[in-house]
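# Provide a 3D model corresponding to the input given below.
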Amino acid sequence: MSEIFSADWMQGFQAAWNGESELSGELAKIGFNSTIGYGFKGEDAPRGVLVIENGSAVAGGAYNGEALNWDLRADKGTWEGWLQKPPGMMGLGMAYTSKKLQFVVGDYGAMVKDPRMAGPFMKSFAVMARV
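Numbering: from 1, shown residues only. Predicted coordinates for the structure are as follows:
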């Protein structure tokens, strides 16, 4: 397996994202477009990036200075734990409130209050576990 958030890993995440209709299909229904960074707490920039257009991941790779709509950070061990056992809504809520999961860019509260986005957000963690 490639290092989490490496260019190869992000390309695998892109393919897995597009293969999951409960993620890409649901986000297509709301015309979701976004550039999402993923990385580790305490680092200056995310490691990987996923570009979403109309729900589909159109690019995945190493972060290269792209403007981000979302930037999710956690410790490496936390990410690795989620790859073994994806968190549920309660687990993510606790991770957010305890600062295990940080949104450097993006509004977690607004996202989880919108069921059209909250469900796919949860599903993205299960999809990560398939990479």
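# Show me the longest helix that occurs in the chain.
Taking DSSP state H as the criterion, the chain has its longest helix at helix 115-128.
# For residue 30, give me its contacts.
Contact analysis of residue 30 by C-beta atoms under 8 Å, 6 or more residues apart in numbering lists 55, 116, 117. All C-beta atoms are positioned from the backbone trio N, CA, C, and that covers glycine.
# need those residues in CSV with distance to residue 3, neighbour count and pLDDT, can you?
As requested, the contacts of residue 30 are exported to CSV (distance: C-beta to C-beta, whole Å; neighbours: other C-beta atoms under 10 Å; pLDDT from 0 to 100):
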residue, distance to residue 3, neighbour count, pLDDT
55, 27, 21, 96
116, 32, 12, 86
117, 28, 17, 86
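# lowest average confidence, helix or strand, in this structure?
Least confident element among the helices and strands of the chain, by mean pLDDT, DSSP states H and E: helix 108-112 (a mean of 78).
# Tell me the helices and strands packed up against that helix.
The contact analysis (3 or more C-beta pairs under 8 Å, 6 or more residues apart in numbering; DSSP states H and E) places helix 108-112 against helix 89-97, helix 115-128.
# Just give me the lowest mean pLDDT stretch among those.
Sorting those by mean pLDDT places helix 89-97 lowest, at a mean of 86.
# Hmm, residue 53 is touching residue 31, no?
No. Taking contacts as C-beta atoms under 8 Å, residue 53 lies outside contact range of residue 31: 9.4 Å.
# Who has more neighbours out of these two?
More crowded of residue 53 and residue 31, by other C-beta atoms under 10 Å: residue 53, with 15 against 9.
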